[in-house]
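Novice: sequence and predicted model, in that order:
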Amino acid sequence: MAPGDESRERRVTGLLERMSLRDKVGQMSSSTPLSRLAVMLFRYNLWPFDSGPNRRLGIPPLRFTDGPRGVAIGHSTCFPVSMARGASFDPALEERVGEAVGIEARARGVNLFGGVCINLLRHPGWGRAQETYGEDTHLLGRLGAGMVTGTQRHLMACVKHFACNSIEDSRFSVNVKVSERALREVYLPHFQACVEAGCASVMCAYNRVNGRYCGHNPDLLTRILKKDWSFDGFVISDFLLAVRETVAAATAGLDIEYPVRWHYGKRLEKAVGRGDVPMDKIDDSVRRILRQKDRFREAAARTGYGPDRIACADHTRLAREVAEKGIVLLRNRDRALPFPPEKVRTLAVIGRLAARANLGDTGSSRVRPPYAVSPLEGISRRAGGRVQVRYESGQCLRKARAAARTADAAVVVAGTDWIQEGENIIPGIGGDRKSLRLKERDERLILTVARENPRTVVVVESGSAVIMEKWRDEAAAILMAWYPGMEGGSAIASILFGDVNPSGKLPLTIPKSEEQFPAFDTKAREVEYGLYHGYRHFDQLGLTPAFAFGFGLSYTTYHYGNLRLDRGSIGPADVLNVSVDVSNAGDRAGEEVAQLYVSCLQSRVERAVKELKGFRRVPLQPGETKTVTFALPARELAYWDGGESGGWRVEPTDYLVRVGPSSRPEDLSLSAGFRVAG
């Protein structure tokens, strides 16, 4: 036990001994009244969702709010969506975001933040893709752990949605069939990383896994989460429909029902009285809840969480920094960017999204900032009096064509919004995307402007991949800005004018066509999840995407060299150190994201061609070289053995390490082999 754990357990045991059955069940049941819930259906997150107060025993309630763009109550700092933060490949930056969110949540009277969303992006059409960090389990785990660490300096973090949640339209009913191996290797490691980071809570998903609803699934909640991973926190339900039956949920290991008492409360008391739910199950759940309340009681007593900390200057500056580091430069023909001041004196800004701050979904993740900067506003401010900016909405192609023709450069802002993707709450709004392409009118607008102006930059705002094949060769430059948060317009302008060197990398694969991905049935009643998706799927089938996972350009040039391993053979419990020199060969300072991929060369089981096993963000001045070292534990090479051993197995065989700036084969020319000894 860590220092203080023994005394905490004694306090918790003392409380349990004083509690009646009703007291205990009260800890497991939401205390949000139906009247308040009815109001929040129209203005979600107007107040925190409460559970488990007990005045007689001096036990405070849990007070929950959503995320992950920021605190969903009041007017808080709106950070870029998680997908944009995933593109930063920067766990330390995400930890700073978590700390800012924790401070603002405390200032709103919240002690449980449900904003660590780490569901794996299996298909970019998933409506809530924007709420997670990308398609790779290693990336998800590192960034999720960063958010947990930062947030939990101030309050409890809730990690969601456990597990295999990646279809929105049928989320309440779909059954995910998945092998134990695929579950352990692909869909759960990022959750385990957050558990190992000390998260206080986990939220179950709505869907079923192998025939059982996640909230009723003892394999997920008890066998894997609580026993195999030694998770000592509590599990809460997703809202409204994650709990379908009292006994099944309570015996499976669901500790708290949210947001109101449908199946717990008196129904749970009666189930215990009948002997359908053992008392030791109740005691275990209550102990977990009390343990975390006690763990964070010192944070609750701190001062310094005043309203002046909400959307303060430090946090809004951080929101801008995050947006700048998450924007990905996908194309830059003939160095169209940054805009050279001697050549760009007039600028046409075109598109319906240019004049509005496009913040993303308006469901449970919605954040209402006190202000938000649109791309047009950010560009106009940065241009000042030195560059004349003309805006056209793009509704009239003739006007857009004229504006582009008479300007030195053109910026078209296009993409998706909350109508096309997001949480499926209102029929016809949000949900899973019907197409990965832009609307036809936006594609036509881009082509029209690009044919009139050779220095046309397309800024794409979206929560996930956008197919660009119809127009990408016509654009001089393409920026993937995601939903960039309240300071997004300022960040976009910083990139366009060269105040900031772009450094974002794609946390997902952008295909050439939807046919390159497996079929995505948004109304599916049953789906099967396997070992391959994203770049693993592309590698397995030998497909070439439009833009690969990990790809992103810069205004400078980086060179990789001198790859070396600290030894040629390691044992199954050892750590291999992999070093590479990264140099800035250009004339601008920048930040590069070096990526480490590993292949198992002679496996006894089917395995991915390569897997991301490490990444490092490296700041470099012009002409500077730094040595980047990755620590690669042998256990990271293990596969799940479903045979008699029934556990992780590190194969004694040959492996290949590759390092470079993206997952593209041509970017991974540096390689070295090593062996794991038996």
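Specialist: That came through fine.
Novice: show me the shaky parts of the protein.
Specialist: 1-3, 40-41, 643-645 (pLDDT under 70).
Novice: domain map for it?
Specialist: Domain ranges of the chain: 27-308, 323-541, 558-676, per automatic domain parsing.
Novice: including distance to Glu6 and mean neighbour count, could those go into a markdown table?
Specialist: For the C-beta atoms, the positions are set from N, CA and C on the backbone; glycine is no exception. Shown next, in a markdown table, are the domains of the chain (distance: least, Cβ to Cβ, whole Å; neighbours: other Cβ atoms under 10 Å):
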| stretch | distance to Glu6 | mean neighbour count |
| --- | --- | --- |
| domain 27-308 | 12 | 22 |
| domain 323-541 | 38 | 21 |
| domain 558-676 | 29 | 17 |
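Novice: so how far is stretch 525-538 off the chain centroid?
Specialist: Computed by Cα atoms, centre = their mean, to the nearest Å, the chain-centroid distance of stretch 525-538 equals 18 Å.
Novice: try stretch 17-25
Specialist: Centroid separation for stretch 17-25 versus its chain: 38 Å, with Cα atoms, centre = their mean.
Novice: list the contacts of Arg455.
Specialist: 336, 344, 408-410, 476 (Cβ atoms under 8 Å, 6 or more residues apart in numbering).
Novice: picking up where we left off before, out of the domains of the chain, flag the one nearest Ser7.
Specialist: Closest approach to Ser7 among the domains of the chain is made by domain 27-308 (9.3 Å; Cβ to Cβ).
Novice: now do the closest one: distance from first to last residue.
Specialist: 32 Å (Cα to Cα, to the nearest Å).
Novice: now that domain: how far from the chain's centre is it?
Specialist: For domain 27-308, the distance to the chain centre is 14 Å (Cα atoms, centre = their mean).
Novice: what's near enough to touch Glu392?
Specialist: Applying Cβ under 8 Å, 6+ apart, we find Glu392 in contact with 348-350, 399-400, 403.
Novice: show me where the stretch 501-650 of the chain has helices.
Specialist: Applying DSSP state H, counting those that start in this stretch to the stretch 501-650 of the chain gives helices spanning 534-541.
Novice: in it, mark out all the strands, start to finish.
Specialist: 526-529, 558-565, 569-570, 575-584, 590-600, 611-620, 625-633, 639-641, 647-649 (DSSP state E, counting those that start in this stretch).
Novice: what lines up beside the shortest one in the sheet?
Specialist: Strands adjacent to strand 569-570 in the sheet, as given by DSSP bridges, are strand 670-676 (parallel).
Novice: now do the partner strand: everything it contacts.
Specialist: Residues from elsewhere that reach strand 670-676 (Cβ under 8 Å, 6+ apart): 560-561, 563-565, 567-572, 576, 578, 580, 601, 634, 637, 650-660.
Novice: now the strands of the stretch 501-650 of the chain in CSV, with distance to Lys281?
Specialist: Converted to CSV, these look like this (distance: least, Cβ to Cβ, whole Å):
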stretch, distance to Lys281
strand 526-529, 29
strand 558-565, 49
strand 569-570, 43
strand 575-584, 40
strand 590-600, 41
strand 611-620, 38
strand 625-633, 36
strand 639-641, 28
strand 647-649, 26
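Novice: tell me which of those lies nearest to Leu62.
Specialist: Going by Cβ to Cβ, the one of the strands of the stretch 501-650 of the chain nearest Leu62 is strand 526-529, 31.6 Å.
Novice: dump the closest one to PDB, keeping only the CA atoms.
Specialist: Extracted as PDB, the C-alpha positions of strand 526-529 are listed here (Å, rounded to 0.1, in the frame of the first residue of the first chain):
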ATOM      1  CA  GLU A 526     -24.200  -7.100 -34.100                       C
ATOM      2  CA  VAL A 527     -20.600  -6.500 -35.200                       C
ATOM      3  CA  GLU A 528     -17.400  -8.400 -34.900                       C
ATOM      4  CA  TYR A 529     -14.200  -6.600 -33.800                       C
END
